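A.B. asks: Fold the following for me, if possible:
(one chain, ligands or ions: 1)
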Amino acid sequence: MSAAPSLLGVYAALDRMHARRGWHWWPDADPFEVCVGAILVQNTMWTNVERALDRLRGANALDPRVMAALSGEELEDLVRPSGQYRQKAKKLRAFLDLAESHGGLELLLSVEPAALRERLLATWGIGRETADCIVCYAARQPALAIDAYTIRLFSRMGIGPRSIDYEEWQAWMLEILERERLQAAHPESPRDLYARYHALVVMHCKHLCQKRAPRCGECELRDRCSFSGSEAPEAQARG
Ligand code: SF4
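C.D. replies: Okay, here's the model as predicted:
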């Protein structure tokens, strides 16, 4: 693992570059819609999720009770644009059962964050990234989601773990962010910082640090990025 960089410095640069952009879950969004979106976005692009959410909204099914009353075929049909629709309908059903077992979505999301994450991970079809997105953006509690964008950005910058292990990346970021947050008396709460950080990383990788042709000339991070100016940039990317 490389020496600790200033992740708050990276955050400030990302904020200057992308704060003006809109992002689906930031600063806040309807909690159930976040949960549904976090499940539907698995293995697909957000544009496909938006089409599925539009269909669910049109059927008034972006409500836990209404969705739970749908037949399996009805739910599959509504989420079809998100791909793998049979599996995703089952995953939504498993999530609805979890919420029901806690007395409803609101009570489930009020569970303490570590316990909530554990219960989500014990639910069929919910992995670590989905669980952390639900804890952070739906329950609005501290959780930092890691994804391929996170690994691509920091790997290109030449910092972070050398593996692609989710927990290792998350622990690396959280340890540095917590230390820097306390040292700098950073004004944001951990939850808000993690929510904005993940959103900014996603926006940066979609708009500038793209997989095939990153627009390094427009990037404020280029002076501290080992990828920028490389003659064989793809060879350096692990994300
Ligand atoms: S300089 Fe290029 S490779 Fe590095 S973070 Fe910016 S866009 Fe990505």
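
A.B. asks: Next up, the contacts around the nearest residue in space to residue 31 that is not next to it in sequence.
C.D. replies: Spatial nearest neighbour of residue 31, chain neighbours left out: residue 138 (4.2 Å); criterion: CB to CB, 6 or more residues apart in numbering. In short, each C-beta sits where N, CA and C put it, glycine included. Contacts for residue 138 (CB atoms under 8 Å, 6 or more residues apart in numbering) come out as 31, 32, 34, 35, 38, 109.

A.B. asks: Looking at these, spot the one nearest residue 202.
C.D. replies: Within the contacts of residue 138, proximity to residue 202 (CB to CB) peaks at residue 38, which comes in at 12.9 Å.

A.B. asks: Name the spans of the protein whose pLDDT lies under the cut-off.
C.D. replies: 1-5, 229-239 (pLDDT under 70).

A.B. asks: rerun that using 50 as the cut-off
C.D. replies: 1-2, 4, 231-239 (pLDDT under 50).

A.B. asks: near the ligand, which residues of it?
C.D. replies: 153, 156-157, 208-209, 214-216, 219, 221-222, 225, 227-228 (CB under 6 Å from any ligand atom).

A.B. asks: how about a cut-off of 5 Å?
C.D. replies: 156, 208, 209, 214, 216, 219, 221, 222, 225, 227, 228 (CB under 5 Å from any ligand atom).

A.B. asks: Of the residues you listed, which count as buried by neighbour count?
C.D. replies: 156, 208, 209, 214, 216, 219, 221, 222, 225, 227, 228 (16 or more other CB atoms under 10 Å).

A.B. asks: can you redo these as JSON lines with secondary structure?
C.D. replies: Shown next, in JSON lines, are those (DSSP: H, G, I helix; E, B strand; the rest coil):
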{"residue": "156", "secondary structure": "helix"}
{"residue": "208", "secondary structure": "coil"}
{"residue": "209", "secondary structure": "coil"}
{"residue": "214", "secondary structure": "coil"}
{"residue": "216", "secondary structure": "helix"}
{"residue": "219", "secondary structure": "coil"}
{"residue": "221", "secondary structure": "coil"}
{"residue": "222", "secondary structure": "helix"}
{"residue": "225", "secondary structure": "coil"}
{"residue": "227", "secondary structure": "coil"}
{"residue": "228", "secondary structure": "coil"}
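
A.B. asks: Reformat these into CSV and put distance to residue 120 next to each item.
C.D. replies: Compiled in CSV, those are given as follows (distance: CB to CB, whole Å):
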residue, distance to residue 120
156, 30
208, 32
209, 29
214, 33
216, 37
219, 34
221, 32
222, 38
225, 34
227, 34
228, 37
